[in-house]
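K.L.:
3D, please:
(one chain, ligands or ions: 1)
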Amino acid sequence: MERVKVLIIGSGPAGFTAAIYAARAALNPVLYEGIEPGGQLTTTTEIENFPGYPNGVQGGEMMNDMREQAKRLGADIRTGIVTKIDLSSRPFHLVVDGEKEVEAEAVIVATGASAKYLGLPSEKKFRGMGVSACATCDGFFYRKQDVAVVGGGDTACEEATYLASLCRQVYLVVRKPYLRASKAMQERVFNTPNIKVLFEHNTAEVLGDEEGVTGVRLRKGDGSEYELAISGFFLAIGHHPNTELFDRQLELDEQGYIVVEPGTSKTSVEGVFAAGDVRDPHYRQAIVAAGSGCIAALDAERFLASQK
Ligand code: NDP
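P.N.:
The predicted structure follows:
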């Protein structure tokens, strides 16, 4: 059976940064890219807030740059999905694509989180063309335009107020007759003149043409439908961390995110480290994920040195 020192699961900014640091520390890391090579950033368009790209960069291109950098430094980047993992004893035991078995002395989990979508075909069609699950990432492209945000929680309210500072009009589409968000966030929303809250509204269809989103068809509580002209459609109905594989093996919080020792990447299992959105329900930014990938590689390096 193949044995590796550091095995990294996931290929977003956290995974690739961990691979870069682990490779430079001569740990010969092996990285499995997973279901969505490049991670969530491959579903966005332009990224303008990652330092080092003065003219912005396409999400897919940036992930390719990180991948090439990790490869050049010696990381072994592999296509494959870790389908089974046993963290009950060291070396840890993993199965890739249901057949290949690997043993690892240390594991870095960087499997990320996935934004929840409504599941409409039209929403999928315009993803990256006006449909986005990240206002901080994409809001800037809708300056002085009209947009809609779906959701009634803290994220939706936060995204709506952020967008209100850039956009002309923000519609907050809420399926219930009330907001679930904290009182403070609700007040911010109600006190922002260019946010209009549409209670008891659901999205029937995202409308658009070859250029992208042009509107949305909404369904009211009484079943009647009407259309609104918008150019950006933002989902803020929650994320789910990709931690199914680690259920009952690593300590997870009530939302399923991996719990780490504060200030480190150490999980409840010695030798297993977590980086990026899979352990971060709050910030969800590429630069934060990259930073935590660095921390995980340094923690793994120290752990392996302590085992000698
Ligand atoms: P939440 O689960 O709190 O809220 C999700 C919202 O989306 C709810 O209003 C829910 O409606 C709505 N929703 C879910 N599915 C659908 C659907 N299919 N169609 C329409 N609406 C839907 O997620 P958040 O991301 O807002 O927050 C996650 C956690 O992070 C929370 O604990 C939150 O408090 C925290 N957070 C804290 C922040 C802060 O303190 N600054 C900022 C952001 C998040 P319904 O109410 O009907 O279920």
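K.L.:
quick check: mean pLDDT across stretch 23-35?
P.N.:
Here stretch 23-35 scores 97 as its mean pLDDT.
K.L.:
Now find how far off-centre it is within its chain.
P.N.:
How far stretch 23-35 lies from its chain's middle: 20 Å, per CA atoms, centre = their mean, to the nearest Å.
K.L.:
Please renumber the chain so that the first residue is 7 from this point on.
P.N.:
Sounds good: first residue 7 from here, last item stretch 29-41.
K.L.:
Run through who's touching it.
P.N.:
With contact meaning CB atoms under 8 Å, 6 or more residues apart in numbering, stretch 29-41 is reached by 10-17, 21-22, 24-25, 28, 76, 79-88, 102, 108, 110, 117, 303, 306-307, 310. In short, each C-beta sits where N, CA and C put it, glycine included.
K.L.:
Spatially nearest residue to Leu241 (excluding sequence neighbours)?
P.N.:
Excluding the flanking residues, the one nearest Leu241 by CB to CB, 6 or more residues apart in numbering is Ala139, at 4.5 Å.
K.L.:
wait, that neighbour sits on Tyr123?
P.N.:
Yes - if you go by CB atoms under 8 Å, Ala139 and Tyr123 touch, sitting 7.1 Å apart.
K.L.:
what touches both of the two?
P.N.:
Leu241.
K.L.:
who has more neighbours, these two?
P.N.:
Counted by other CB atoms under 10 Å, Ala139 and Tyr123 do not tie: Ala139 has more neighbours, with 25 against 14.
K.L.:
how much space between the more buried one and Val266?
P.N.:
Counting by CB to CB, to the nearest Å, the gap from Ala139 to Val266 is 24 Å.
K.L.:
Repeat that for Gly214.
P.N.:
Per CB to CB, Gly214 is found 40 Å from Val266.
K.L.:
Look at these two and report which has more neighbours.
P.N.:
Neighbours were counted for Gly214 and for Val266 using other CB under 10 Å; Val266 has more, 25 against 20.
K.L.:
Go ahead and confirm that one touches Lys272.
P.N.:
Yes - counting by CB under 8 Å, Lys272 is a contact partner of Val266 at 5.9 Å.
K.L.:
Overlap in contacts, the two.
P.N.:
Overlap of the contact sets of Val266 and Lys272 (by CB under 8 Å, 6+ apart) consists of Phe279.
K.L.:
Next one: stretch 115-125, is it in contact with the ligand?
P.N.:
Yes - under the criterion of CB under 6 Å from any ligand atom, stretch 115-125 makes contact with the ligand via Leu124.
K.L.:
Can you mark which positions in that stretch are buried?
P.N.:
By 16 or more other CB atoms under 10 Å, the buried positions in stretch 115-125 come out as Val115, Ala116, Thr117, Gly118, Ala119, Ser120, Ala121.
K.L.:
for the residues you listed, which one is nearest Thr249?
P.N.:
For those, the closest approach to Thr249 (CB to CB) belongs to Thr117, at 7.0 Å.
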